[in-house]
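Trainee: Show me how the following folds:
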Amino acid sequence: MTSEQAELKGRLQWLIKLRWVGCVAVFIAVHLIREAFRLNFPMLPVYIILGSVIICNLYFQSRLKFITGTLINDAILQISLDYIALAAAIYFSGGCDSPFLYYYIFHIVITGVILPPKWTFRFTALAVALPAVVFGLKHIGILPHFSIFGDRPVYFTDIKVISVYGAVFVSTLILTAYFVTYLSAKLLKKHEEIKRLYLSQCNFIANLAHEIKSPLNAIGGFMSLLSDKSLELPAQEREKYQRRVENACSYINSLLNDIMQLSRIEAGIVRLSISPFKIADLINDSTDMFSLKAREKGIAISVEIEDIKEQFCCGDARRVREIVVNLLDNAVKYTPASEKVGIKARNIGDSVEITVWDTGKGIAPGDRERIFDAYERLCADSAQKIEGAGLGLSIVRKLVELHGSTIRIESEMDKGSSFIFTLPVKRKPDRETRG
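Mentor: Sure, this is the predicted structure:
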């Protein structure tokens, strides 16, 4: 989910909370006004409107928990239903005499904040046209006239009118003040986030320049030695220099690939190719890639997959492999020599839970969210030289989220860390699927 979608989701969640507060407030206020002023307006329309709003609110609240893609269609539908409910409330509470007109105007402001400009102008036109049509139909006698104050015109001389309008007006001002405060807090938070991201990117560029400069200097130095015809290098030494040049080129290529991949994911270009695959085979293949590197550091890699040996998962196998490889690479890279690293997978309901763990230094609570940010890199030891630009975990989290899951950290200082995510299960693999 992109930052724009997350922002829209947050605003829709706020709107759903506002709807709940509005339903409770209207229910209480209507009964208090009816009893206090001995008004005899019918309660059935109130219950019908409130019941419809509650049903819609429950529906949209449940949808927000599971939607991972675009939310604009849900936002448009929610705003549309709000206008219909408010128009009905205005009609049954007196039309032009209705105090709900204040809420109606307030909702136009909410529309302008939540929806793109194109849809804001459309809903503004709807907001003007809808009550005009209703009032017109009432004027020519097609729709009957309702008023909470009977057939009396609204003059601000009656204590009943003053009380009702005053309460609605004050509550609308309070809502507006809260809404402005809410937006101000969001803007401040966004400003701080942009500032932090800017500083992180500055540090990233500096680190990246250093990361690339070292292998480039090595390439330049070794190529000078190899191209110097006055030096008679032994074949074994020449081969060693060539291998170091190849390693430096491979390292630079790896860095650039990470940057390009993260850019593609953030731009929404990456699309998953979902199909069933055997998760045990993927884990074994990924672990084999690090067996030599782990052995050189004296690190033992533990694999626990007995529970899912014949299990098929649904997902993009190539992207899941990237997730596992990145996590294992970090585990081996940041774990001190002679310690342990492992991967564990088990069935949990309709999902397979995959855990990559280590017995390294652990991650401080304040750093557990920050390490997933692009351009951030934490070293287990300030004296330890860790290769890489710090993009791996950011790529991991975004790929996990593309699969509709989340990744979490369990860590204890000086005892190690665990990175945990889930994948959906394919219960009955197709016949043509091969493990």
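
Trainee: which regions of the stretch 101-250 of the chain sit below the pLDDT cut-off?
Mentor: For the stretch 101-250 of the chain, applying pLDDT under 70 flags the ranges 134-135, 138-139, 143-166, 168-169.

Trainee: Going along the chain, name the helices of it.
Mentor: In the stretch 101-250 of the chain, the helices defined using DSSP state H, counting those that start in this stretch lie at 117-139, 159-227, 235-266.

Trainee: how far does the shortest one sit from the chain's center?
Mentor: If I follow you right, that is helix 117-139. How far helix 117-139 lies from its chain's middle: 34 Å, per Cα atoms, centre = their mean, to the nearest Å.

Trainee: helices or strands next to it in the packing?
Mentor: Here helix 117-139 touches helix 72-92, helix 100-114, going by 3 or more Cβ pairs under 8 Å, 6 or more residues apart in numbering; DSSP states H and E. Every C-beta, even on glycine, is put in place using the N, C-alpha and C of the backbone.

Trainee: do the longest one as well
Mentor: Contact here means 3+ Cβ pairs under 8 Å, 6+ apart; on that basis helix 159-227 packs against helix 3-36, helix 100-114, helix 235-266.

Trainee: thinking again about what came up before, using TSV, please lay out the helices and strands packed on helix 117-139 together with mean neighbour count and distance to residue 337.
Mentor: Below are those laid out as TSV (neighbours: other Cβ atoms under 10 Å; distance: least, Cβ to Cβ, whole Å):
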stretch	mean neighbour count	distance to residue 337
helix 72-92	19	52
helix 100-114	18	54
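
Trainee: for the ones you listed, which one sits closest to residue 306?
Mentor: Nearest of the helices and strands packed on helix 117-139 to residue 306, taken as Cβ to Cβ: helix 72-92 at 42.2 Å.

Trainee: can you redo the helices and strands packed on helix 117-139 as TSV with distance to residue 273?
Mentor: Output for these, formatted as TSV (distance: least, Cβ to Cβ, whole Å):
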stretch	distance to residue 273
helix 72-92	25
helix 100-114	33
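
Trainee: what's the closest of these to residue 46?
Mentor: Of all the helices and strands packed on helix 117-139, helix 72-92 comes closest under Cβ to Cβ, at 7.5 Å.

Trainee: which secondary structure elements does the closest one contact?
Mentor: For helix 72-92, the packing partners by 3+ Cβ pairs under 8 Å, 6+ apart come out as helix 3-36, helix 44-66, helix 100-114, helix 117-139.

Trainee: out of those, deepest packed?
Mentor: Highest mean neighbour count among the helices and strands packed on helix 72-92 (mean count of other Cβ atoms under 10 Å): helix 100-114, with a mean of 18.

Trainee: roughly how far out does that helix sit from the chain middle?
Mentor: With Cα atoms, centre = their mean as the basis, helix 100-114 stands 27 Å off its chain's centre.

Trainee: What are the contacting residues of it?
Mentor: If you take Cβ atoms under 8 Å, 6 or more residues apart in numbering as the criterion, helix 100-114 is touched by 8, 11-12, 15, 22, 75, 79, 82-83, 86-87, 89-90, 93, 119-120, 123-124, 127, 131, 168-169, 172, 175-176, 179, 183.

Trainee: likewise stretch 44-60?
Mentor: Applying Cβ under 8 Å, 6+ apart, the contact partners of stretch 44-60 are 12, 16, 19-20, 22-23, 26-27, 30, 74, 77-78, 81, 85, 88-89, 92, 146.

Trainee: Repeat the analysis, applying 7 Å as the threshold.
Mentor: 16, 19-20, 23, 26-27, 30, 74, 78, 81, 85, 88-89, 92 (Cβ atoms under 7 Å, 6 or more residues apart in numbering).

Trainee: Can you name the two of the residues you listed that sit furthest apart?
Mentor: Spanning the widest gap among those are 30 and 74, at 28.8 Å by Cβ to Cβ.

Trainee: still on that earlier bit, of the helices and strands packed on helix 72-92, which approaches residue 404 most closely?
Mentor: For residue 404, the closest of the helices and strands packed on helix 72-92 is helix 44-66, at 8.4 Å, according to Cβ to Cβ.

Trainee: Where is the longest strand in the protein?
Mentor: For the chain, the strand that runs over the most residues, judged by DSSP state E, is strand 416-426.

Trainee: Including distance to residue 361, could the helices and strands packed on helix 72-92 go into a markdown table?
Mentor: Below are the helices and strands packed on helix 72-92 laid out as a markdown table (distance: least, Cβ to Cβ, whole Å):
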| stretch | distance to residue 361 |
| --- | --- |
| helix 3-36 | 31 |
| helix 44-66 | 36 |
| helix 100-114 | 44 |
| helix 117-139 | 50 |
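
Trainee: Figure out which of these is closest to residue 342.
Mentor: Shortest distance between residue 342 and the helices and strands packed on helix 72-92, using Cβ to Cβ, is found for helix 44-66: 31.9 Å.

Trainee: what's the angle from that closest one to helix 72-92?
Mentor: Relative orientation of helix 44-66 versus helix 72-92 (axes from the mean of the first three to the mean of the last three Cα atoms, to 10 degrees): 170 degrees.

Trainee: any idea how far residue 371 is from residue 200?
Mentor: Going from residue 371 to residue 200 by Cβ to Cβ, to the nearest Å gives 12 Å.

Trainee: which of these two has more neighbours?
Mentor: Using other Cβ atoms under 10 Å, the more surrounded residue of residue 371 and residue 200 is residue 371, with 20 against 16.

Trainee: so when I look at that one, I'm seeing a strand, right?
Mentor: No: per DSSP: H, G, I helix; E, B strand; the rest coil, residue 371 lies outside any strand segment and is helix.

Trainee: Quick check, it in contact with residue 393.
Mentor: Yes: when contacts are counted by Cβ atoms under 7 Å, residue 371 is listed as touching residue 393 (5.4 Å).

Trainee: Perfect, I'm done here.
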